[in-house]
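Q: Fold the following and give me the result.
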Amino acid sequence: MSEGVRVGVAGLGLMGAVHIRALRGTGARLVSVADPKQARREGAAFTPGNLDATRGDERLFDPASVTGYADASEMIARETLDLVVVCTPTDTHVALASEALRQGMHVLLEKPVATTAGEVAALAEVERGTGGHVIPAMCMRFWPGWAWLRERARDGELGRLRSLKCVRLGSRPAWSAEFYGDDARTGGAIFDLHVHDVDFVMWCLGTPREVTSIGDRDHVTTMYRFEDRGLQVTAEGGWLGSEGRGFRMRCVAEFEDATAEFELGREQPLMVTRGGATTPAVLPGGTAYELQMERVIACVQAWRRGDTAPEQPTLAEAARVTRVVEAEIRSLETGRAVECG
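A: Numbering: from 1, shown residues only. You can find the predicted model right below:
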């Protein structure tokens, strides 16, 4: 049972609210929260966003049963927690995750872990020295439909994968304008948004041999080259200049024997065309965030028992993804293909 898993959430903005809602079905207990805004510490929900998972009741929790802190470091220092969910601004991730690890806690860390591979490596060094674990919140691995695509790319059921195209576009977030307007803190959309597709491409296919990118940090299109030179893989991601444009998340995978297309917001999000017929793929219930949190809690339980945990994203994988994004940035700056080695 997971009743004994004590959870604290640092940062009660968009993703903090999403993760608190995802906790509800796991049996784990929300013990404490941290946010500089008093209304959020009292359970008021933060609801702006592009995904259905951001919607829900207006009060996230009963403040009478959850301890609130204005400062995340104070929460980590004072509380006895099994898991800290870090949803604070990107430039605070490594420091807060390190503090939690040193207090004997595990961490679910919102993406990106950091905006340089060196920072990810520094956090991994802390992780190795404490025995705790950091799980980067790479939610596309749990997204119904995207996990299905990865399985088909690996099992050959639809024939060899010939091309993969991912698109992730939307207006720059209107909330937290000061943060999202500062590329030095966010890393730009290439880290805040596009990183999801970089992780998905690598989760499916491994590290590319080289990347070629056009655009800029806030709207990038990248071609990934693998040893199979016939495989076409591209990803476009970014914040658009127009305000109020709805979020678009799309993936098209062409196999030898079928084409699979995912479109966020469609009644049947993943459609498969094969043999002249187009049918919906059968997908699991629940949101990616619920499935992700179930996995995280299962990992915490396993680590507490001293057992092998279920598969989960790791800092080593986050470091490889970060190095590929850094290669994309070098390609943007030089106008040339860059090896990912």
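Q: Let me see the ranges of the helices in the protein.
A: Ranges of helices in the chain, per DSSP state H, are 14-23, 38-41, 72-78, 93-102, 117-130, 146-155, 177-180, 183-186, 189-192, 195-205, 288-305, 315-334.
Q: So which of these is nearest R162?
A: With C-beta to C-beta, the closest approach to R162 among those belongs to helix 146-155: 10.5 Å. C-beta here means a position set from N, CA and C on the backbone, and glycine is covered the same way.
Q: so the closest one versus helix 195-205, what angle?
A: Helix 146-155 runs at 30 degrees relative to helix 195-205, counting by axes from the mean of the first three to the mean of the last three C-alpha atoms, to 10 degrees.
Q: Just the strands from the stretch 151-300 of the chain, written as ranges.
A: For the stretch 151-300 of the chain, the strands defined by DSSP state E, counting those that start in this stretch occupy 161-171, 210-216, 219-225, 232-240, 248-255, 259-263, 270-274, 277-280.
Q: Neighbouring strands of the last one in the sheet, and parallel or not?
A: What that stands for is strand 277-280. Using DSSP bridges, strand 277-280 pairs in its sheet with strand 270-274 (antiparallel).
Q: okay, now R162: neighbour count?
A: By other C-beta atoms under 10 Å, the residues close to R162 number 14.
Q: So it sits against G230, correct?
A: Yes - R162 lies in contact with G230 (C-beta atoms under 8 Å); the separation is 7.1 Å.
Q: what's the overlap in contacts for these two?
A: When C-beta atoms under 8 Å, 6 or more residues apart in numbering defines a contact, no residue borders R162 and G230 alike.
Q: Make a markdown table out of the strands of the stretch 151-300 of the chain and add mean pLDDT and distance to E328.
A: As requested, the strands of the stretch 151-300 of the chain are arranged in a markdown table below (pLDDT from 0 to 100; distance: least, C-beta to C-beta, whole Å):
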| stretch | mean pLDDT | distance to E328 |
| --- | --- | --- |
| strand 161-171 | 96 | 13 |
| strand 210-216 | 98 | 4 |
| strand 219-225 | 98 | 5 |
| strand 232-240 | 96 | 9 |
| strand 248-255 | 97 | 18 |
| strand 259-263 | 98 | 22 |
| strand 270-274 | 98 | 27 |
| strand 277-280 | 98 | 33 |
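Q: I'd like these written out as a markdown table, with distance to G118 added.
A: Rendered in a markdown table, the data for the strands of the stretch 151-300 of the chain read as follows (distance: least, C-beta to C-beta, whole Å):
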| stretch | distance to G118 |
| --- | --- |
| strand 161-171 | 26 |
| strand 210-216 | 19 |
| strand 219-225 | 21 |
| strand 232-240 | 23 |
| strand 248-255 | 30 |
| strand 259-263 | 34 |
| strand 270-274 | 37 |
| strand 277-280 | 44 |
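Q: Done for today, thanks.
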